[in-house]
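[1] Structure of the sequence below:
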Amino acid sequence: MLKDIDPTLIQEIESARQTIRILLNLIETSKQENDLLKQEVQRLKDIINRLKGEQGKPDIKPKKNKPESTNYSSEKERQKKKKRKKSSKLEKIEINETRKCEVDQKILPADAQFKGYKEVVVQDVVFKPDNIKFCKEVYYSASENKTYLAELPKGYDGEFGPGIKALVLTLYFDANISEAKILDLLHNAGIVISAGKVSNLLIKKNDCFHEEKNAVYEAGLSSTVWQNIDDTGTRVNGQNQYCQILCNPYYTAYFTTEDKSRLSVIDVLRNSKERVFLINSETFSYLTLFKVSQKVVTPLTNLPQNQELSEQEFNKLLAEHIPKLGPLQKKRILDAAAIAAYRNQAKFPWAHPPNVRLLICDDAPQFKLITEDLALCWVHDGRHYKKLTPFIPYNCKLVDTFLTRYWDFYDQLLEYKKDPTLKDKVILEKKFDELFSTVTGYDTLDERISKTKEKKSALLMVLDHPEIPLHNNSAELGARTRVRKRDVSFGPRTADGIKAWDTFMTLAATAKKLKINFYKYIYDRISQNYIMPSLSAVIKERAQVAQLNGSWFSSS
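    Numbering: from 1, shown residues only. Predicted coordinates:
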C-alpha cells in the first residue's frame, strides 16, 4: 500500500485525497492488528503465569468508564416511536365472586341516602392442596371368580391429579422454573411428592402431547409456503448438540439434533422421517456447485436414477461403486442427493409433511439450496455494519451515514410490502444497486457493502414475496427461549427428556402465538375433557381465514 505513495507526484487535490485515504485505511488496519496482538500477548502471559502456578490477569471492569458495548441490535434504527395505547385491564379479568361491602350504619348521619355501589376489582389467587380420597366400589363374583373395581374419573391416573400435572408442566416449560424449585413450591403447598416423581411427570407418559406436536408442526408447515429457521446450541446429557427452530406467525417448533448439518436441517423439514436420497440431473448440478471432482461424480451415473433410496441402500451403493470415497466427498454427495430428494417431494402436494418452498434465515451454509427460494434476514446483515469499530472519527461518520441510508432503504421495503407494484419493484431494485455500489474510501466498510450486494437476490426476495417478513426475528426469539431454558435447566439427559423438551416447548410457544392459555390447554388434555380445540386445528382455521381475506402475517 505504501509503495504506491510518492509525495513528489502529489500535484493535485484528488491525488492528495487518494493518498490520505490510503494512510487512513493503513491506520485503521494497524490499530485493529495492534488491538488483536495486545489481546493475544495478554492471553499468552496468562497461560505462562498459570503454568508457573500463578494466576492470570484479573478481569476487573472499571467503575467510571463504560464497558465496550457488544450490543449490535438495530432496534433503534428500525423501529419508529409509536404512541402506546393503554388497554383496560377490567375487560380481561374474569370475575369469580362478587361481595358487597357495607358501610357501618353507626357512623352514618340521619340524612344519609343510599346511592348504589362503586365497583372495585381485586385480583387474587388461591394456592392450596385439593386432595381427594376416592372410595372405589369393589364387587366380587363367585360364579366368575372375578373382582369388579370401580374406575377413577377421567384424568385421574396415579397418585396425582390433572391440576398438579398441568401445573408442573406449565411451570417447567412455560414459566421456565427448574425442577428443584417446582419441588420446593409443591412442598410449600403441602404436596407430598418426590424429585423423581416430578421428573416423571415432565417426561413420561406424554404420547398424546407428542402426537399433538407432530400435528402442530405439519399444520404450521401447511399454513404458509415460507418458514423462518434458526438454530442454537443445546446440551444433552452434558454433550453439545443443537436445537433447530422452525416457525411462522402461527407456530414455533423445536427439534434437537446431534449436529447442524444440511442433512439435519432436511431431517427437521421432513419431521424426522426416514432419510431418502435421489440421483437425478438436479443431484449432479449440486455436485458441480460443491466442486466435487469428475472422478468421483462419474461412478454415480451407474447408480439407480430417479429412484428414491433409503440411507442404508444409498450408503451400500456408494461403498460398492466408490469404495475409496473421502469423508468430505461423501458428505457432499449425501447432501446433494438429499436435497434432490427433498425438492422432488414438491411434486407431491399431498406429501406429509408438505414441502417448504422458501426459507427465511441467516447466511449459514446449511440452510442454502434446500428450498427453491431463500430470503436472508436484513437485521443479520445490518449487524455486520454495527460491528465495525473504526478508530478515526471521519470513518465513524462514514459508517453512521451509510447505516442511515441502509435503514431508510429498509423502510422503503416495508412500504412496498403494504402495496406492492411492478413499478415500485423495478425502482427498489435500482435503488439497491445504487446504495450498495457506494464507495466511501474506508476499505473495511466498502468490503462490507460489496458483500451485501452479493446477496441481492436473497435480500430482495421480498419484492417477489411481499408476504414474508424482512427479518428472522421470530426464529431468533424462539432460539432465545431455548437459551433461557438451557441456562435454568442445563439440558435433558435422556431420549425421553429430549422429546419432552422439544414437544412442550413447541406447544407452549405455539399456544402463546395463538393467544391460547397454555395451562388451560394442558389441563384440558390431561383431564381428558377435550373441550378446547387442538392447536393444529386452530392453526389451520386461522391460516384459511387469512388466505380468504388476502391478508398475511408479517412484521417489520
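
[2] Residue 252 should be in a helix, yeah?
    No - Residue 252: not assigned to a helix; according to DSSP: H, G, I helix; E, B strand; the rest coil it is strand.

[3] So what's the residue count around the spatially closest residue to it that is not a sequence neighbour?
    The shortest distance from residue 252 to any non-neighbouring residue, by C-beta to C-beta, 6 or more residues apart in numbering, is to residue 509 (3.8 Å). Any C-beta I mention is one placed from the backbone N, CA and C, and that applies to glycine too. Residues lying near residue 509 (other C-beta atoms under 10 Å) number 24.

[4] Mind listing residues that contact the host helix or strand of residue 509?
    In this assignment (DSSP states H and E), residue 509 forms part of helix 495-513. Here helix 495-513 makes contact (C-beta atoms under 8 Å, 6 or more residues apart in numbering) with 169, 172-174, 202-204, 206, 209-210, 212-213, 216-217, 220, 236, 243, 247, 249-256, 478, 481-482, 485, 491-492, 517-518, 521-522, 535, 539.

[5] Identify each buried residue in that helix, please.
    Residues 496-511, 513 are the ones in helix 495-513 that count as buried (16 or more other C-beta atoms under 10 Å).

[6] Flag the shaky bits of the stretch 351-500 of the chain, pLDDT-wise.
    Applying pLDDT under 70 to the stretch 351-500 of the chain flags the ranges 351-352.

[7] Sketch out the helices for it, chain order is fine.
    Assigned by DSSP state H, counting those that start in this stretch, the stretch 351-500 of the chain shows helices spanning 378-386, 393-418, 422-435, 443-454, 456-459, 473-489, 495-513.

[8] tell me what the fifth one is packed against?
    Just to be clear, that refers to helix 456-459. strand 373-376, helix 422-435 (3 or more C-beta pairs under 8 Å, 6 or more residues apart in numbering; DSSP states H and E).

[9] List the buried residues in it.
    Neighbour-count burial for helix 456-459 flags 458, 459 (criterion: 16+ other C-beta under 10 Å).

[10] Please save the CA atoms from it in CSV.
    Taking C-alpha atoms only, helix 456-459 is exported to CSV below (Å, rounded to 0.1, in the frame of the first residue of the first chain):
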residue,chain,number,x,y,z
LYS,A,456,-29.0,-9.1,-3.6
SER,A,457,-31.4,-11.9,-4.7
ALA,A,458,-31.9,-13.2,-1.2
LEU,A,459,-32.2,-9.8,0.4
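
[11] now that helix: how far from the chain's centre is it?
    Between the centre of helix 456-459 and the centre of its chain there are 21 Å (C-alpha atoms, centre = their mean, to the nearest Å).

[12] and what of the first one?
    From the chain centre to the centre of helix 378-386 is a distance of 18 Å (C-alpha atoms, centre = their mean).

[13] Just the buried residues of it, please?
    378, 379, 380, 381, 382, 385, 386.

[14] I'd like those residues laid out as a markdown table, including distance to residue 187.
    Formatted as a markdown table, the buried residues of helix 378-386 follow (distance: C-beta to C-beta, whole Å):
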| residue | distance to residue 187 |
| --- | --- |
| 378 | 49 |
| 379 | 45 |
| 380 | 45 |
| 381 | 50 |
| 382 | 49 |
| 385 | 52 |
| 386 | 48 |
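
[15] Quick check: of these, which lies closest to residue 427?
    Nearest to residue 427 among the buried residues of helix 378-386 is residue 378, at 18.0 Å by C-beta to C-beta.

[16] Name the nearest residue to the closest one, sequence neighbours excluded.
    residue 470 (4.8 Å).

[17] any idea how far that neighbour lies from residue 118?
    According to C-beta to C-beta, to the nearest Å, residue 470 and residue 118 sit 50 Å apart.

[18] The two: who's more crowded?
    Counted by other C-beta under 10 Å, residue 470 and residue 118 do not tie: residue 470 has more neighbours, with 22 against 6.

[19] Confidence-wise, which helix or strand of this protein is lowest on average?
    The weakest-scoring helix or strand in the chain, judged by mean pLDDT, DSSP states H and E, is helix 75-78 (a mean of 66).

[20] Show the average pLDDT along whichever helix or strand comes after that helix.
    Of the helices and strands lying after helix 75-78 in sequence (DSSP H and E), the nearest is strand 138-141. Per-residue pLDDT over strand 138-141 has a mean of 94.

[21] try stretch 180-196
    Rounded mean pLDDT across stretch 180-196 is 94.

[22] quick one: contacts of it?
    Contact with stretch 180-196 is made by 127, 128, 129, 160, 164, 168, 171, 172, 177, 179, 198, as judged by C-beta under 8 Å, 6+ apart.

[23] Farthest pair within those?
    Farthest apart among these by C-beta to C-beta are 128 and 179. That separation is 21.9 Å.

[24] who's more crowded, these two?
    For residue 128 and residue 179, the more surrounded residue by other C-beta under 10 Å is residue 179, and the numbers stand at 18 against 8.

[25] didn't that one look like it was pressed against residue 490?
    No - using C-beta atoms under 8 Å, residue 179 makes no contact with residue 490, being 10.5 Å away.

[26] Please parse this protein into its domains.
    Per the record, the chain has its domains at 2-48, 378-463, by automatic domain parsing.

[27] looking at those domains, which is closest to residue 149?
    domain 378-463 (61.0 Å).

[28] What is the end-to-end distance of that closest one?
    Using C-alpha to C-alpha, to the nearest Å, one end of domain 378-463 lies 14 Å from the other.

[29] Could you do stretch 120-132 as well?
    Stretch 120-132 has its terminal residues 34 Å apart, counting by C-alpha to C-alpha.

[30] tell me the mean pLDDT for it?
    Taken as a whole, stretch 120-132 has a mean pLDDT of 88.

[31] Just the pLDDT for the most far-flung residue of the chain relative to its centre.
    The centre of the chain is farthest from one residue, residue 110, which by C-alpha atoms, centre = their mean lies 68.5 Å away. pLDDT, residue 110: 88.

[32] how close does it get to residue 542?
    From residue 110 across to residue 542, the span is 62 Å (C-beta to C-beta).

[33] one step back: out of the contacts of helix 495-513, which are buried?
    Taking 16+ other C-beta under 10 Å as the criterion, what is buried in these is 169, 172-174, 202-203, 206, 209-210, 212-213, 216-217, 220, 236, 243, 247, 249-256, 478, 481-482, 485, 491-492, 518, 521-522, 535, 539.

[34] Please identify the helix or strand for the closest residue to residue 141 other than its chain neighbours.
    Excluding its sequence neighbours, the residue lying closest to residue 141 (C-beta to C-beta, 6+ apart) is residue 148, at 7.0 Å. Assigned by DSSP H and E, residue 148 belongs to strand 146-149.

[35] No more questions from me, cheers.
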